[in-house]
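*Asks:* Quick one: sequence plus predicted model below, questions after.
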Amino acid sequence: MSRHQLIEQIKLKKSFLCVGLDTDIDKIPEFLKQYPDPVFEFNKRIIDATKDLCISYKPNAAFYESRGLKGLQSLISTYEYLPKDCLSIIDAKRGDIGNTSDNYAKAFFDEEASGMGFDAITVTPYMGNDSVTPYLKYDGKWVIILALTSSVGSKDFQYLPTEGGYLFEQVIQKANTWAGADRLMFVVGATKSTEFTNIRKYAPDNFLLVPGVGAQGGSLEEVCKYGMTKDCGLIVNASRSIIYASGGEDFADAARAEALSLQQQMQVELEKAGII
Ligand SMILES: O=c1ccn([C@@H]2O[C@H](COP(=O)(O)O)[C@@H](O)[C@H]2O)c(=O)[nH]1
């Protein structure tokens with residue numbers, strides 16, 4: 001999905017919500033266990049209940065890989081079911097030397113080879129340029145670089161002072177020399193909302209993937225106040241607060257209610273900014 005198409009979807013759906021599919025087999029309702037692939041069945045119902053309210057889905061690879069072959073099958077089936085008008089993000093947080101990254105890129109971008117052709121992948125920048133460029137060889141695909149994460153541990157490395165500012169500021173500036181804002185996004189946690197103004201100095205046009213609203217307590221209003229651009233520039237993710245809004249048979253309805261509440265807040269923010 002191109003930048004232009006992404007912005008059009010945001011305007012059309014009045015939403016910049018990404019629903020995180022962090023689907024834990026131990027947390028899904030018991031009655032789904034009768035289906036051949038309970039995780040896919042859960043995801044399918046969440047997708048059906050939320051697809052008009054969000055512009056993106058983000059399965060987190062860990063929840064699928066931890067189940068071996070069965071998990072991989074759930075991930076592939078989920079990928080196949082994702083609506084084509086939504087940006088599909090695989091939250092894999094990969095990063096390795098060039099030939100290994102080539103294979104990670106093939107695994108998640110090359111549908112013919114692996115059965116999965118996600119639009120975007122999260123990547124750790126720690127190993128530098130040659131670990132990131134393999135993903136950029138796939139025309140039209142997005143690379144989403146971890147910049148300032150929502151985690152408490154972000155202070156351990158990301159806030160290390162360097163001659164050019166904090167390490168995460170260096171990451172953003174350097175990565176922006178590798179590709180343009182039509183191919184590169186950055187992860188910035190909603191729990192770091194006070195940093196958004198600063199980050200916009202280095203990433204004025206990049207879309208930011210913002211996890212941390214919902215279960216982690218980040219404020220959507222603050223993220224918008226400091227991080228929104230004229231093109232919106234934000235994709236805000238919520239996983240647990242949506243998909244586990246209820247643990248009962250009404251889980252999909254509860255997920256919809258939670259997604260609707262976020263979408264309505266997003267609509268207000270898009271109107272305030274004059275984007276819609
Ligand atoms: O800095 C980061 C980077 C990634 N994540 C991921 O986003 C979701 C958040 O889930 P919630 O349930 O809404 O808290 C999850 O997949 C994380 O691995 C993040 O939280 N922070």
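*Replies:* Yes, it's here. Residues are numbered from 1 along each chain as shown.

*Asks:* tell me the helices in the chain, going along the chain?
*Replies:* Ranges of helices in the chain, per DSSP state H, are 3-13, 38-50, 61-65, 68-81, 98-109, 111-114, 129-136, 154-157, 167-175, 196-202, 220-227, 240-243, 251-272.

*Asks:* For Ile25, which of the ones you listed is the nearest?
*Replies:* Closest approach to Ile25 among the helices of the chain (CB to CB): helix 38-50, 5.7 Å. The C-beta positions use only the backbone N, C-alpha and C, and glycine is treated the same way.

*Asks:* buried ones in stretch 116-132?
*Replies:* 116-125, 127, 131-132 (16 or more other CB atoms under 10 Å).

*Asks:* Quick check: Ala113 vs the ligand, distance?
*Replies:* Counting by CB to the nearest ligand atom, to the nearest Å, the separation of Ala113 from the ligand is 25 Å.

*Asks:* what's around that residue, how many residues?
*Replies:* Residues near Ala113, counting by other CB atoms under 10 Å, number 12.

*Asks:* pLDDT score assigned to the nearest residue to Tyr226 once chain neighbours are set aside?
*Replies:* Take Tyr226 and drop its neighbours on the chain: the residue closest to it by CB to CB, 6 or more residues apart in numbering is Phe196, 3.5 Å away. Looking at Phe196, its pLDDT reads 96.

*Asks:* these two touch, right, Phe168 and Ala147?
*Replies:* Yes. Counting by CB atoms under 8 Å, Phe168 touches Ala147, with 5.1 Å between them.

*Asks:* Common neighbours of the two, please.
*Replies:* Residues touching both Phe168 and Ala147 by CB atoms under 8 Å, 6 or more residues apart in numbering: Gln158.

*Asks:* any chance of the helices of the chain in CSV, with distance to Ser88 too?
*Replies:* Below are those laid out as CSV (distance: least, CB to CB, whole Å):
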stretch, distance to Ser88
helix 3-13, 12
helix 38-50, 11
helix 61-65, 13
helix 68-81, 7
helix 98-109, 10
helix 111-114, 11
helix 129-136, 14
helix 154-157, 26
helix 167-175, 21
helix 196-202, 25
helix 220-227, 22
helix 240-243, 16
helix 251-272, 17
